[in-house]
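J.: Make a model of this:
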Amino acid sequence: MKPVPSLWPEGLLLTYYGDDFTGSTDVMEAFTAAGVPTVLFLEMPRDGDLARFKDARCIGLAGQSRGKSPEWMRQELPVLFQRLKELGAPLLQYKVCSTFDSSPTVGSIGQAIDVGLQNLQSTWSPMVVGAPRLKRFQVFGHLFAADNGVVHRIDRHPTMSRHPVTPMLEADLRAHLAKQTPRRIALIDLAQIAEGQGQVQLDSSQGQDQPVIMIDIADERSQVEAGRLIWQNRGEGLFTASSSGLQYALTAFWRSEGQIPATPVLPVATSAPCIAIVSGSCSPMSGEQIQWARNHGFVTSRLDISSCLDLTRQQAEVTRLVDIAVTAIEQGASPLVFSAEGPDDPAVHSFDALATSANLSRSDASELVGYALAEIMRQVLDQTRIGRIVVAGGDSSGRVGGHLGLRALTVSAGLVPGVPLCRAWADDPLRDGLEVVFKGGQLGNADFYGLVRG
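T.: Numbering: from 1, shown residues only. A predicted model of the protein is given here:
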């Protein structure tokens with residue numbers, strides 16, 4: 001393939017489908033901070049929605065495929081990908097988590113790639129996972145991620161190796177992905193990048209079988225080169241399954257070319273009198289954040305799982321927690337409702353048994369817990385003047401965002417890498433302008449909720 005000029009085309013540069021809500025806002029933050037106007041839709045945008053954001057250079061659609069089956073993907077993703085492709089951007093991204101947690105049966109990245117490459121004539125599909133700003137590094141095909149400042153190989157990561165649904169038991173992403181797709185998988189590694197052989201390796205790896213070509217990223221140099229290889233070899237259009245590392249790579253290259261500002265910057269978030277939080281995450285960091293909040297004046301309340309799974313008791317449990325949250329806000333305190341306090345919480349270990357006793361599948365039980373958290377947040381917003389909320393956990397974020405009737409998000413301010421403060425856009429004037437934070441369970445430090453409150 002002959003490299004194309006680096007200059008930006010008119011219109012959109014990239015469209016993407018996020019496999020969960022928190023990762024979708026991560027992409028939006030990465031581009032917005034670099035000076036690439038981005039809007040994230042929670043439903044497929046209408047014509048009027050697009051007109052409202054006519055200056056956007058990137059449009060995203062937040063999804064929930066990370067928890068779905070390959071059958072669901074084959075049924076739902078083709079239409080969504082086609083609609084995004086019709087917007088005319090040269091790059092169409094299936095946004096994956098930078099921890100790459102997935103499996104052949106749940107959140108299959110390989111299945112999403114196979115669907116995305118249908119009806120495309122491209123001779124390769126780039127994959128970028130490493131994102132140094134998020135402390136994610138891909139080295140000779142192996143993924144590493146930080147936890148509390150310590151970098152671990154992903155199969156030894158204290159959170160991701162113990163993920164309750166899709167634990168990462170393999171650090172070599174080629175081997176991990178090969179269990180999800182028969183497609184050929186190649187790699188442009190750090191040594192080839194350091195030797196200036198990236199383009200040579202790319203040219204030799206492309207083919208009519210549309211291989212996935214991974215690109216190592218561990219530092220600024222490899223990040224710029226990954227961005228260059230993708231942008232200059234985009235041809236008539238590319239489909240890519242990548243983390244927000246793709247955005248960091250593209251903007252690093254565009255910055256090196258002088259096409260965007262040299263220094264990424266986002267406004268600093270102002271303080272709020274109090275905030276409302278619901279957490280459906282069971283990560284260790286989420287547990288630390290709940291403990292910190294409890295010790296610093298937040299009103300923390302546990303959601304009773306067994307009550308949530310019993311439809312005769314669920315509404316009473318929702319009402320109980322709404323009353324606690326509303327009272328806290330009236331007294332100037334910030335309420336936090338959580339379903340688990342870390343991976344060792346008894347609620348996590350007993351969840352499958354509780355679901356079984358309620359004659360529910362695990363997924364149906366999770367849906368009921370997500371609904372309860374979303375309904376609590378809706379009623380709290382309806383009964384107070386709270387203007388800033390936080391939702392922890394990717395699945396929980398998707399359920400809450402949809403339940404509140406939000407249509408789109410844009411970035412208002414920076415908080416921590418990968419977790420921006422967003423401005424919600426909604427048809428309902430009571431929701432329009434709401435400040436929202438959708439947070440991945442493992443992101444942020446222990447004092448994150450204090451940072452959001454300010």
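J.: doesn't Q289 fall inside a helix?
T.: Yes: using DSSP: H, G, I helix; E, B strand; the rest coil, the assignment for Q289 is a helix.
J.: Roughly how far does it sit from T166?
T.: To T166, Q289 is 22 Å away according to C-beta to C-beta, to the nearest Å. For glycine as for every other residue, the C-beta is placed from the backbone atoms N, C-alpha and C.
J.: try G88
T.: On the measure of C-beta to C-beta, G88 and T166 end up 33 Å apart.
J.: One more: D352?
T.: 16 Å.
J.: In terms of neighbours, single out the busier of those two.
T.: Ranked by neighbour count (other C-beta atoms under 10 Å), D352 and T166 place T166 first, with 19 against 13.
J.: Could you measure from the more buried one over to R399?
T.: 18 Å.
J.: cool, M214 as well?
T.: M214 sits 32 Å away from R399, taking C-beta to C-beta as the criterion.
J.: now do I59
T.: Distance, I59 to R399, by C-beta to C-beta: 22 Å.
J.: Give the rounded mean pLDDT of the longest strand along the chain.
T.: Scanning the chain for the longest strand, with DSSP state E as the assignment, gives strand 406-416. Per-residue pLDDT over strand 406-416 has a mean of 92.
J.: tell me which element S307 falls in.
T.: helix 305-308 (DSSP states H and E).
J.: I'd like the next helix or strand past that helix.
T.: Immediately after helix 305-308, counting by DSSP H and E, sits helix 314-330.
J.: Output that following helix as PDB, nothing but the C-alphas.
T.: Provided in PDB are the C-alpha atoms of helix 314-330 (Å, rounded to 0.1, in the frame of the first residue of the first chain):
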ATOM      1  CA  GLN A 314     -36.700  -4.600  45.000                       C
ATOM      2  CA  GLN A 315     -38.700  -1.400  45.100                       C
ATOM      3  CA  ALA A 316     -38.600  -1.200  48.800                       C
ATOM      4  CA  GLU A 317     -34.800  -1.600  48.700                       C
ATOM      5  CA  VAL A 318     -34.600   1.200  46.100                       C
ATOM      6  CA  THR A 319     -36.800   3.500  48.200                       C
ATOM      7  CA  ARG A 320     -34.700   2.800  51.300                       C
ATOM      8  CA  LEU A 321     -31.500   3.800  49.600                       C
ATOM      9  CA  VAL A 322     -33.100   6.800  47.800                       C
ATOM     10  CA  ASP A 323     -34.300   8.100  51.200                       C
ATOM     11  CA  ILE A 324     -30.800   7.800  52.700                       C
ATOM     12  CA  ALA A 325     -29.200   9.600  49.700                       C
ATOM     13  CA  VAL A 326     -31.800  12.400  49.600                       C
ATOM     14  CA  THR A 327     -31.400  13.000  53.300                       C
ATOM     15  CA  ALA A 328     -27.600  13.100  52.900                       C
ATOM     16  CA  ILE A 329     -27.900  15.700  50.100                       C
ATOM     17  CA  GLU A 330     -30.300  17.800  52.200                       C
END
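J.: Can you give the strand pairings for whichever helix or strand comes after it, parallel or anti for each?
T.: As assigned by DSSP H and E, the chain's next helix or strand after helix 314-330 is strand 335-338. If you go by DSSP bridges, strand 335-338 pairs up with strand 276-279 (parallel), strand 299-302 (parallel).
J.: For the last one, buried residues please.
T.: Across strand 299-302, burial judged by 16 or more other C-beta atoms under 10 Å covers 299-301.
J.: just those residues now: which is nearest F137?
T.: T300 (34.2 Å; C-beta to C-beta).
J.: and F144, helix, strand or coil?
T.: strand.
J.: okay, stretch 194-210 in CSV with CA atoms only?
T.: Presented in CSV, the C-alpha positions along stretch 194-210 are these (Å, rounded to 0.1, in the frame of the first residue of the first chain):
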residue,chain,number,x,y,z
ALA,A,194,13.4,1.2,16.9
GLU,A,195,15.2,0.1,13.7
GLY,A,196,12.9,2.1,11.4
GLN,A,197,11.4,-1.1,9.9
GLY,A,198,7.8,-0.5,10.8
GLN,A,199,6.7,0.3,7.3
VAL,A,200,8.6,-2.7,5.9
GLN,A,201,7.0,-5.0,8.4
LEU,A,202,3.6,-3.5,7.6
ASP,A,203,4.0,-3.9,3.9
SER,A,204,5.1,-7.6,4.2
SER,A,205,2.2,-8.5,6.6
GLN,A,206,-0.7,-7.1,4.6
GLY,A,207,-2.9,-9.4,2.5
GLN,A,208,-6.3,-10.1,1.1
ASP,A,209,-7.1,-12.2,4.1
GLN,A,210,-7.3,-8.9,6.1
